[in-house]
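>>> Any chance you can model this:
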Amino acid sequence: MSQNPKTVIVVGASRGIGAAVVQHFDRQGHVVWSVSRSPAAAGRWVQADISKPEGIGAIAAALGDIPIDALLFMGGVWEADAFTDAYDFLASSDAETRWVISVNTIAPIEITRILTKNLVQATNPRAVYIGALSGLDNCASVEVANTASKFGLRGAVQSLRLALGGQNIGFTVINPGNIATEEVLLDIEEGRFGPQTPIPIAVITSAIDWLLSLPPTVNVPELNLWQRLK
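Here you go, the predicted structure:
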């Protein structure tokens, strides 16, 4: 149990990285608000579809003026058949493109805006966002909407750091390779991903723990995490 419990909000809390992060902070005894469309893995569930304005509004209504130590945006979506040989950009619809960018890029911006008033009440507020290696220069993948959204997220967070420079909020984007969630392990097992050793989930949770422990004067704009091939 943590001797210095924090109040954190985790977006994308029902599966994958977000579910692991929620469970990690809940086990440590922190106060966790969990945002997702389907039931969250742990914490106080806020049911919200962040691709829609109503979902963003549901987050604002649930949190009110509660002080928040950390905003952890762990959500992410991608196109149908992404990361497989079946993916076809020309077959992907405009609606799918808008959905991916809405969740991965627009939602983090809007959620940060509505929760700034909550974050600034903390002594050392931090906002951490999950990006992807495909959002780095010269690392784009063929999944156009997903790659564009991850590039956009990096740019948005850089701009948020400038726009909210007087609020003393720390901003970091974590750009990882494949993380060893149940979904990724199944993809590797069934051959949708090539042979590889995915990054342990503990690496992500430890990185977030470290970021939240830093003093306000320390700025960490990005962390890039690569996985090892077998």
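>>> Show me where the chain dips below the pLDDT cut-off.
Applying pLDDT under 70 to the chain picks out residues 1-2, 228-230.
>>> what sits against the residue positioned nearest the centre of the chain?
By CA atoms, centre = their mean, the chain has its centre lying nearest to residue 74, at 2.2 Å. The contact partners of residue 74, by CB atoms under 8 Å, 6 or more residues apart in numbering, come to 10-13, 16-18, 21, 130. Glycine gets a C-beta too; all of them are placed from N, C-alpha and C.
>>> Assign the closest residue in space to it that isn't next to it in sequence to helix, strand or coil.
Distance criterion CB to CB, 6 or more residues apart in numbering; nearest residue to residue 74, sequence neighbours excluded, is residue 18 at 3.6 Å. Of the three states, residue 18 takes helix under DSSP: H, G, I helix; E, B strand; the rest coil.
>>> isn't residue 18 right up against residue 9?
No. Contact between residue 18 and residue 9 fails when scored by CB atoms under 8 Å: they sit 11.0 Å apart.
>>> what touches both of those two?
Here residue 18 and residue 9 have residue 72 as joint contacts, going by CB under 8 Å, 6+ apart.
>>> Between the two, point out the one with more neighbours.
Per other CB atoms under 10 Å, whichever of residue 18 and residue 9 has more neighbours is residue 9, with 29 against 25.
>>> Quick check: phi and psi on the residue nearest to the centre of the chain?
Note on residue 74: backbone dihedrals following degrees, to the nearest 10 are phi -110, psi 10.
>>> measure it to residue 95 for me?
From residue 74 across to residue 95, the span is 24 Å (CB to CB, to the nearest Å).
>>> burial measure for residue 50, as a count.
Number of residues near residue 50 (other CB under 10 Å) recorded here: 26.
>>> and it, what does it touch?
11, 35, 56, 59, 75, 102-103, 107, 111.
>>> Looking at the residues you listed, state which has the most neighbours.
residue 35 (33 neighbours).
>>> what's the closest non-adjacent residue to residue 219?
Per CB to CB, 6+ apart, closest to residue 219 is residue 170, 6.4 Å.
>>> For that neighbour, give me its contacts.
124-127, 211, 214, 216, 218-220.
>>> What's the PyMOL line that selects buried ones from the contacts of residue 74?
Of these, the buried ones go into a single PyMOL selection, burial set by 16 or more other CB atoms under 10 Å:
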select buried, resi 10+11+12+13+16+17+18+21+130
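>>> circling back to that earlier point, now the contacts of residue 170 in CSV, with neighbour count, distance to residue 146 and secondary structure?
Converted to CSV, the contacts of residue 170 look like this (neighbours: other CB atoms under 10 Å; distance: CB to CB, whole Å; DSSP: H, G, I helix; E, B strand; the rest coil):
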residue, neighbour count, distance to residue 146, secondary structure
124, 17, 32, coil
125, 25, 29, coil
126, 24, 25, strand
127, 26, 21, strand
211, 20, 24, helix
214, 14, 30, coil
216, 13, 33, coil
218, 10, 31, coil
219, 10, 27, coil
220, 16, 24, coil
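>>> Tell me the one among these nearest to residue 52.
Nearest to residue 52 among those: residue 127, at 21.5 Å, using CB to CB.
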